[in-house]
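Chemist: mind looking at a prediction? Sequence and model below.
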Protein chains: 2
Amino acid sequence: MGIKERKEREKSRRRDQILDAAIELTGQQGFERTTMDEIAEKAELSKGTLYLYYKDKSSLYQAIKKRALQSLHQDFLTVLQQDKPGAMLVKEMISSFLDMIQKNVTFTKAIMLYRGSESSDSDQQSSIAEKCLNIENDVNMLMVKAIQIGVQDGSITTKLDPKLLALQIGFQMRGLLQFYILDNKNMGVKIFKEQKLTLGELMDQFLNIHLSHVEKP
Amino acid sequence: MGIKERKEREKSRRRDQILDAAIELTGQQGFERTTMDEIAEKAELSKGTLYLYYKDKSSLYQAIKKRALQSLHQDFLTVLQQDKPGAMLVKEMISSFLDMIQKNVTFTKAIMLYRGSESSDSDQQSSIAEKCLNIENDVNMLMVKAIQIGVQDGSITTKLDPKLLALQIGFQMRGLLQFYILDNKNMGVKIFKEQKLTLGELMDQFLNIHLSHVEKP
DNA sequence: CCCATTTACTGACCGGTAGTCATTTACTGT
DNA sequence: ACAGTAAATGACTACCGGTCAGTAAATGGG
């Protein structure tokens, strides 16, 4: 009997339904300004039901982050499956990343999220936050993989351990992301304008330096 | 008559008094978990008074950020006043930064703050957030200055415009900061352990690559 | 088809917190 | 001493995250 399975599907559909509503509202008005009541209404459910599917508001936000990270992970995976030089793969990964943050503000903000819940429940195991961490590590691993390929095929020359290089690229991505989120009032944007530079070109410069680094003569 | 001045002093003392209380409590229990009532009690004032000095809770948090940025600005200024090669100045700035985030968690978290208030008041002009932005730009300018010195004295070789290089170093700093704040559960920390590396050494590697970059032969 | 049991859902309610404002208190100049 | 002003207060409101007793729907056995 497939009832169990159907129930399971319906349950997961509800979860998505809630998440979709949350993402849409969050995108319009930001996370803090979005209330659980609003999300419930949008999802055509009562507030109580939301709490059957997500432990609390923070969990719901984490779920958005998780979805964003999964999307990124998928993009990276697609890039990695191509048969191209490693350096190219790394650059395309960065491009995917830039695409995402430019197209999807909600995801971008969600990724920046600092885990608010202070692990009060010690017995609580594989929470959504946990899964986010895992995906984040997976994403990082894909970057490492691309670098390793590049080192092997000679398209990348670096003194650094691939893991460390990936870490540094990750730092740069995070920094860039934060920059992008902040109001376009600050000096950075002015620099971009006066130098007629795009984020993509900036990251390209960054990668050129790091991926083809050679010893000082 | 010095009464005006004294009043002014007292007013500014009150502001500091509130800010001090907020910083201390925030350091202990985090910003979200700290209530205005608690801050008021700590500052030995009533809650209403808090709102005479800070528009809302978000403003108060911005004020913490402002103080953190001012502290950083001061550090950078001190570094810059030394008579040393530019490359050294840059490295010492980064050191100051690392010192700060390792010694003062509250400041660190505050700097990461994304402006929550959605500029609902259009007439509101030089808000604290505005000032933060200015200081941030000033800090960035000091970095640019150090790089320019380095380019002049030959201790820094780069194809990049000093402003762009400063921007990239700023990205890296932000990325590092975010990394530092997040739980030490993730892969990054593992990498640090297995490579027996400190944050300082990592940043040093980064700077070595960027400050002494030469063309591919 | 009926009824008992489980499962899913609801929305009134609660506790707590950010922010307000009429009132009180302290201070100042005359 | 007193009027006028500035500063401080804390009871109060509005709102929101989270709960839970109660309701409805689905299921499955007889």
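Modeler: Noted; the coordinates are in hand.
Chemist: can you give me the strands in chain A?
Modeler: Remark: no strands are assigned in chain A by DSSP state E.
Chemist: indicate the residue of it located nearest to DNA strand C.
Modeler: Residue nearest to DNA strand C within chain A: A:Gly48 (1.8 Å; CB to the nearest atom of the strand). Every residue, glycine included, has its C-beta placed from N, CA and C.
Chemist: the closest residue to A:Gln152 other than its chain neighbours: what's it in contact with?
Modeler: Spatial nearest neighbour of A:Gln152, excluding adjacent residues (CB to CB, 6 or more residues apart in numbering or on different chains): A:Gly86 at 7.0 Å. Counting by CB atoms under 8 Å, 6 or more residues apart in numbering or on different chains, A:Gly86 touches A:Ala146, A:Ile147, A:Gln148, A:Ile149, A:Gly150, A:Val151, A:Gln152, A:Asp153, A:Ser155, A:Ile156.
Chemist: and the fourth one, how many neighbours?
Modeler: The reference is to A:Ile149. Neighbour count for A:Ile149, taken as other CB atoms under 10 Å in any protein chain shown: 21.
Chemist: do the second one as well
Modeler: Here the number of neighbours of A:Ile147 (other CB under 10 Å) works out to 27.
Chemist: once you drop chain neighbours, what's closest to it?
Modeler: Distances taken as CB to CB, 6+ apart place A:Pro162 nearest to A:Ile147, at 4.2 Å, with adjacent residues excluded.
Chemist: what of the fifth one?
Modeler: Distances taken as CB to CB, 6+ apart place A:Gly86 nearest to A:Gly150, at 2.2 Å, with adjacent residues excluded.
Chemist: so what pLDDT did A:Asn186 get?
Modeler: You'll see A:Asn186 listed with a pLDDT of 69.
Chemist: quick check, A:Ala68 in contact with A:Ile111.
Modeler: Yes: between A:Ala68 and A:Ile111 there is a contact at 5.2 Å, judged by CB atoms under 8 Å.
Chemist: quick one: the residue nearest to A:Gly150 from chain B, how far?
Modeler: 16 Å (CB to the nearest CB, to the nearest Å).
Chemist: got it, and A:Leu45?
Modeler: According to CB to the nearest CB, A:Leu45 stands 27 Å off from chain B.
Chemist: what's around that residue, how many residues?
Modeler: A:Leu45 has 17 neighbours, counted by other CB under 10 Å.
Chemist: for the residue lying closest to A:Tyr180 once chain neighbours are set aside, give me its contacts.
Modeler: Once flanking residues are discounted, A:Tyr180 sits nearest to A:Ile101: 5.6 Å by CB to CB, 6+ apart. Shown in contact with A:Ile101 (CB under 8 Å, 6+ apart): A:Phe107, A:Thr108, A:Leu176, A:Leu177, A:Tyr180.
Chemist: where neighbours are concerned, which of the residues you listed has the most?
Modeler: Top of the contacts of A:Ile101 by neighbour count (other CB under 10 Å): A:Leu176, with 25 neighbours.
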